[in-house]
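# Model the following, please.
(chains A, B, C and D)
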Protein chains: 4
Amino acid sequence: MTNDIQEIIETLAKFNDDRDWEQFHNAKDLALALSIEAAELNEAYLWKDVEDVKIEKVKEELADVFNYAFMIADKYNLNVKDICLKKIARNAEKYPVEKAKGSSKKYNEL
Amino acid sequence: MTNDIQEIIETLAKFNDDRDWEQFHNAKDLALALSIEAAELNEAYLWKDVEDVKIEKVKEELADVFNYAFMIADKYNLNVKDICLKKIARNAEKYPVEKAKGSSKKYNEL
Amino acid sequence: MTNDIQEIIETLAKFNDDRDWEQFHNAKDLALALSIEAAELNEAYLWKDVEDVKIEKVKEELADVFNYAFMIADKYNLNVKDICLKKIARNAEKYPVEKAKGSSKKYNEL
Amino acid sequence: MTNDIQEIIETLAKFNDDRDWEQFHNAKDLALALSIEAAELNEAYLWKDVEDVKIEKVKEELADVFNYAFMIADKYNLNVKDICLKKIARNAEKYPVEKAKGSSKKYNEL
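Numbers count the residues shown, from 1 in each chain, chains lettered A, B, ... in the order given. Below you'll find the predicted structure:
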C-alpha cells in the first residue's frame, strides 16, 4: 500500500517532469514560492474575522503551500513524517508542559 | 496501518492539547504563524547561493511550515491528500503540457 | 534643506558602503530580506490581541522593513514619494469613493 | 516646506478617511497586509534572474509596501526618519566595520 505523502510527492514530480519545470525549481525559488503561497493563504483572512473567511480560498491556498513544501522535501530527499515528528519532539523539550501550559509566550520568555 | 499524515496530525493535536494551546490557535493566527515559519525557511537562503545553504536549518524550518499547515488542515477537517491532489489536477488544466512545457510564465501569460 | 527620505537613503548607502555589503545586495535578495522583516513585524502580533503588542518590537521591525524598502528604491533609483503618491492615485481609481466607502472588498468584487 | 514623508502619510490618511476604511485598519491587519504586499514584490523575482525582472511590477509592489508601512507608522504616531536612523545606528553597533566588512554573516555568527 502506498503512503499518502509518497503519493503526493510522486504526483508532483510527474506534474513537473511533464512540463520540464525542474530547471526552474532550485530550492531557493521553491522556498520563495512557498512563502508567496503562505501570503495568499493569509490574504483569505485579511480585514476579516476568522468566521467570515471563505473556506474554498483557504483550501486552495493551503494546498499550494503543502505542494511547495512537499517539493522542497523531495528536493532534499527529506522524510516528511520524520522531520515533522522530530520537530514536535524538540518543541516538547523547549516547551515543557508544566511551564508552557496555557501560555502563548515564546520558549525564551517562559 | 496508520497513515503518515494522520499520525503527524494526531501527534500535533496531542502536543497542543497537553499544553492547552487550542485557545490561541484560531485559524487566522495559525496562518500567520505559518507565514512566519515560511520566512524563517527563506532566511536559510538569504544572501546565499543555493549550494551554501545549511540543510539542518532547512529541515527545521520546513518541519515548522509543515506542522502549522497540518494544524490548519486539522482545524478545518481537511483531507490533505485530497486537497493536494485536487490542486495538482486543477493546475494541470491551467498549465496544459503543450503550452507550459519549459516555460516559467504564469498561466495568464501563456 | 535635505529631504528626510534622501537622508535615510544616504545613511543606508554609507552604512552598507562602509561594510562592503553592496556585493550581497542584489535586488532579489533585498526583496527577500524585506519580506523576512515583514514576517518579524507580524510576529509582534502573533497569538495576541492588538492591544497587547509591544510597541518597541513594532518600532524595531517596522524600521527594518522601511530600511530594506529604501535600499530597493535606491537600487532602482526610484523616487519614493513619486511611486507612493502615484500608487495612491491609481488606487483611488480602482476604489472610487462611492463604491468603496465602508467596504473591505477587493476592487474586483465591488 | 512640507516634508515628503509627511505628505505621503497625509495623502494616505485622506484616501482612507474618504473611504471610511479606518475601521478595518487595526495594526495587526495592516502588518498582515504589508507582508502580503512584500510577497507580491517577491513574486516579481520568482523563477527569474534579477536582470529579467519587470521594473514596473517592482515599482507597483514596492509602493504598496511603503504605503502600508507608512500607515502603520501613522497608526502609532512614529517618526519614520527617527526610527530608521536609530535602527541603522543600532545595526552599526551590532555590525562593527572591522568585523562585518565583506561578510554576510549574522551578527551572532561574526
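# Put the alpha carbons of the helix or strand of chain A with the lowest mean pLDDT into PDB.
In chain A, no helix or strand scores lower on mean pLDDT, DSSP states H and E than helix A:97-100, which sits at a mean of 94. The C-alpha trace of helix A:97-100 is given here as PDB (Å, rounded to 0.1, in the frame of the first residue of the first chain):
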ATOM      1  CA  VAL A  97       4.000  21.000  29.800                       C
ATOM      2  CA  GLU A  98       4.400  22.300  33.300                       C
ATOM      3  CA  LYS A  99       5.900  25.600  32.100                       C
ATOM      4  CA  ALA A 100       4.100  26.100  28.800                       C
END
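# Quick check: buried residues in that helix?
Under the neighbour-count criterion of 16 or more other Cβ atoms under 10 Å in any protein chain shown, helix A:97-100 has residue A:100 buried. Backbone N, C-alpha and C define where each C-beta goes, glycine included.
# do that helix and chain C meet at all?
No: against chain C, helix A:97-100 shows no contacts by Cβ under 8 Å from any Cβ of the partner chain, the least distance being 12.5 Å.
# cool, stretch A:40-58 as well?
Yes: contact of stretch A:40-58 with chain C (Cβ under 8 Å from any Cβ) involves A:47-48.
# Please work out which residues outside the least confident helix or strand of chain A touch it.
A:107, A:110, B:18-19, B:21 (Cβ atoms under 8 Å, 6 or more residues apart in numbering or on different chains).
# repeat that for 10 Å
Contact with helix A:97-100 is made by A:91-92, A:94, A:105, A:107, A:110, B:15, B:18-21, as judged by Cβ atoms under 10 Å, 6 or more residues apart in numbering or on different chains.
# likewise stretch A:8-21?
Residues contacting stretch A:8-21 (Cβ under 10 Å, 6+ apart): A:2-3, A:22-25, A:63, A:66-68, A:70-71, A:73-74, A:80, B:5, B:80-81, B:83-85, B:88-89, B:91-92, B:95-104, D:47.
# Narrow the residues you listed to those in helices?
A:63, A:66-68, A:70-71, A:73-74, A:80, B:5, B:80-81, B:83-85, B:88-89, B:91-92, B:97-100 (DSSP state H).
# Just the pLDDT at the spatially closest residue to residue A:103 that is not a sequence neighbour, thanks.
Excluding its sequence neighbours, the residue lying closest to residue A:103 (Cβ to Cβ, 6 or more residues apart in numbering or on different chains) is residue A:110, at 6.7 Å. Note for residue A:110: predicted pLDDT of 83.
# Can you report how many residues neighbour residue A:110?
Look at residue A:110: counted by other Cβ atoms under 10 Å in any protein chain shown, it has 11 neighbours.
# which residues sit in contact with it?
By Cβ under 10 Å, 6+ apart, the contact set of residue A:110 is A:94-96, A:99-100, A:103.
# just residue A:72 next, same as before
Contacts for residue A:72 (Cβ under 10 Å, 6+ apart) come out as A:25, A:27, A:30-31, A:33-34, A:78, A:80, B:41, B:58, B:61-62, B:65-66.
# So which of those reach chain D?
A:25, A:30, A:33 (Cβ under 10 Å from any Cβ of the partner chain).
# Can you lay out the residues you listed as CSV showing pLDDT, neighbour count and distance to chain B?
CSV is the format used below for the ones next to chain D among the contacts of residue A:72 (pLDDT from 0 to 100; neighbours: other Cβ atoms under 10 Å in any protein chain shown; distance: Cβ to the nearest Cβ, whole Å):
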residue, pLDDT, neighbour count, distance to chain B
A:25, 94, 18, 10
A:30, 98, 22, 10
A:33, 98, 23, 10
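# Can you turn the buried part of the ones in helices among the contacts of stretch A:8-21 into a ChimeraX selection?
Per 16+ other Cβ under 10 Å, the buried members of the ones in helices among the contacts of stretch A:8-21 correspond to this ChimeraX selection:
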select /A:63,66,67,68,70,71,73,74,80 /B:5,80,81,83,84,85,88,91,92,100
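# Can you report phi and psi for residue A:48?
Backbone torsions of residue A:48, given as degrees, to the nearest 10, read phi -130, psi 150.
# Name the residue most distant from the centre of chain A?
Distance from the C-alpha centroid of chain A, by Cα atoms, centre = their mean, peaks at residue A:98 (28.5 Å).
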